[in-house]
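Student: What follows is a protein structure lacking sequence information:
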């Protein structure tokens, strides 16, 4: 905490171009500025904590060209609580970025921008953060954000766990690069509140787990990822476990995975590749938007798409891009406040998990119209008699509007029938059970 006084109130001589200053972790309560008068600042132990008092935030300013090295277990912590506010200003330039790296063989803890970080005054620009983060993805990262700062031209690379973790925060991130992370490139966690970052022109690549991991199970995750490139990682490029962010005009090079969602993400004007290399899974509620408002590449007649069962409340077509659908969880129910149609194109195969069914309910319409050369097959994922529950029409379906033609229902049965209708009318032609 005496660093600022030491540098500004004394005449320091004998500092050469390779002279480093060793620093022991402590709490900064005022304003401290790190400059390039030293070749580097080496944090040999502990954490540099930037914690002020209510109404008087502490500030750490790091000027362009500064290099900081950290011992194992050391790092930077800003605003550890709302009663101890802190500000971090990393003021690199394109010609003289700020570098944060390790001082030895082991990783350092990284940068923590906690809830007491004054987001409106905190900025990281033209910075490189490498070999940071200890622990396991997705709970820790090299850069951990629990506030709403601004990041511009920041690179996070060689992280052990995730590259960047955002929890209950809404940062603005532009031209951020995450490369070669040991876990997820970017983790968006709802925490106990709302996470809604604005991310533009990011590059996320070479991660050991997911490119982007969205987990809103304990809070809402929204926000926008726009104009970014997400390259094929080891697993899924985007994994959504609850949450409804918007993906707009991105290049997505790999497959998607969604669990059963309470909200639906938005995909618009993206180019998505490589569905054939790893089976994707989405909610059927997002299917029509995904296949009509984006460019989907590398899908062939043998490419399988897994579906989480949900309510189909907007007109949706199966067979528009994929021919094989595996309904792996839940039931598909066609239902809306106004007439809504699920269309199944010729040649489609739908395979259902055990005990699931295809339902046509309130104002629902099912139009499954195959041909003699391209029939439609509805069957089970687990071959066994009566394994799935077939097709169910209830009395609130649009009477007389549903059509099943050149359709085979295989190994399905609900209440002793593969087709079960309650007080409604529908048409079957060239139908096989």
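Tutor: It's in. All values reported here derive from a predicted model rather than from experimental measurement. Residues are numbered from 1 along each chain as shown.

Student: so who does the residue nearest to residue 103 when sequence neighbours are not counted touch?
Tutor: Taking CB to CB, 6 or more residues apart in numbering as the measure, residue 103 lies nearest to residue 69, with 3.8 Å between them; neighbours along the chain are not counted. Any C-beta I mention is one placed from the backbone N, CA and C, and that applies to glycine too. With contacts defined as CB atoms under 8 Å, 6 or more residues apart in numbering, residue 69 is in contact with 20, 40-43, 101-103.

Student: Check residue 368 too.
Tutor: When contacts are counted by CB under 8 Å, 6+ apart, residue 368 is found next to 343-344, 376, 378, 403-405, 407.

Student: Which member of those residues exhibits the greatest number of neighbouring residues?
Tutor: Each of the contacts of residue 368 was scored by neighbours using other CB atoms under 10 Å; the highest score is residue 378's, at 26 neighbours.

Student: close enough to count as contact, it and residue 357?
Tutor: No - with contact defined as CB atoms under 8 Å, residue 378 and residue 357 do not form a contacting pair (10.0 Å).

Student: Could you tell me which residues touch both of those two?
Tutor: Overlap between the neighbourhoods of residue 378 and residue 357 consists of 390-391, 412, taking contacts as CB under 8 Å, 6+ apart.

Student: Any chance of JSON lines for those residues, columns distance to residue 332 and secondary structure?
Tutor: Converted to JSON lines, these look like this (distance: CB to CB, whole Å; DSSP: H, G, I helix; E, B strand; the rest coil):
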{"residue": "390", "distance to residue 332": "12", "secondary structure": "coil"}
{"residue": "391", "distance to residue 332": "10", "secondary structure": "strand"}
{"residue": "412", "distance to residue 332": "13", "secondary structure": "strand"}
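
Student: with these in mind, which one is nearest to residue 269?
Tutor: Taking CB to CB as the measure, residue 269 sits nearest to residue 391 out of the shared contacts of residue 378 and residue 357, at 35.2 Å.

Student: Dig out what the closest one forms beta bridges with.
Tutor: Counting by DSSP bridges, residue 391 forms beta bridges with residue 358, residue 419.

Student: show me the contacts for it.
Tutor: The contact partners of residue 391, by CB under 8 Å, 6+ apart, come to 357-360, 366, 378, 404, 409, 412, 418-420.

Student: most surrounded residue in those residues?
Tutor: If you count neighbours using other CB under 10 Å, the busiest of the contacts of residue 391 is residue 360, which has 28 neighbours.

Student: contacting residues for that residue?
Tutor: 333-335, 342, 366, 391-394, 397, 402, 426.

Student: And residue 276, by the same measure?
Tutor: Taking CB under 8 Å, 6+ apart as the contact definition, residue 276 lies against 298-300, 302-303.

Student: picking that back up, among the contacts of residue 69, which ones are in strands?
Tutor: Using DSSP state E, 20, 40-43, 101-102 are the members of the contacts of residue 69 that sit in strands.

Student: Put together JSON lines for those residues, with neighbour count and pLDDT on each row.
Tutor: JSON lines is the format used below for the ones in strands among the contacts of residue 69 (neighbours: other CB atoms under 10 Å; pLDDT from 0 to 100):
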{"residue": "20", "neighbour count": "15", "pLDDT": "93"}
{"residue": "40", "neighbour count": "18", "pLDDT": "93"}
{"residue": "41", "neighbour count": "20", "pLDDT": "94"}
{"residue": "42", "neighbour count": "18", "pLDDT": "95"}
{"residue": "43", "neighbour count": "24", "pLDDT": "95"}
{"residue": "101", "neighbour count": "17", "pLDDT": "97"}
{"residue": "102", "neighbour count": "17", "pLDDT": "97"}
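
Student: Make CSV out of these and add distance to residue 159.
Tutor: Supplementary listing: the ones in strands among the contacts of residue 69 in CSV, determined by distance: CB to CB, whole Å:
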residue, distance to residue 159
20, 24
40, 20
41, 21
42, 20
43, 18
101, 12
102, 11
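
Student: Confirm that residue 291 sits in a helix.
Tutor: Yes - the assignment for residue 291 (DSSP: H, G, I helix; E, B strand; the rest coil) places it in a helix.

Student: In this structure it contacts residue 320, no?
Tutor: Yes - counting by CB under 8 Å, residue 291 does reach residue 320; the two are 5.1 Å apart.

Student: Comparing those two, which shows the higher neighbour count?
Tutor: Under the criterion of other CB under 10 Å, the comparison of residue 291 against residue 320 puts residue 291 first, with 20 against 16.
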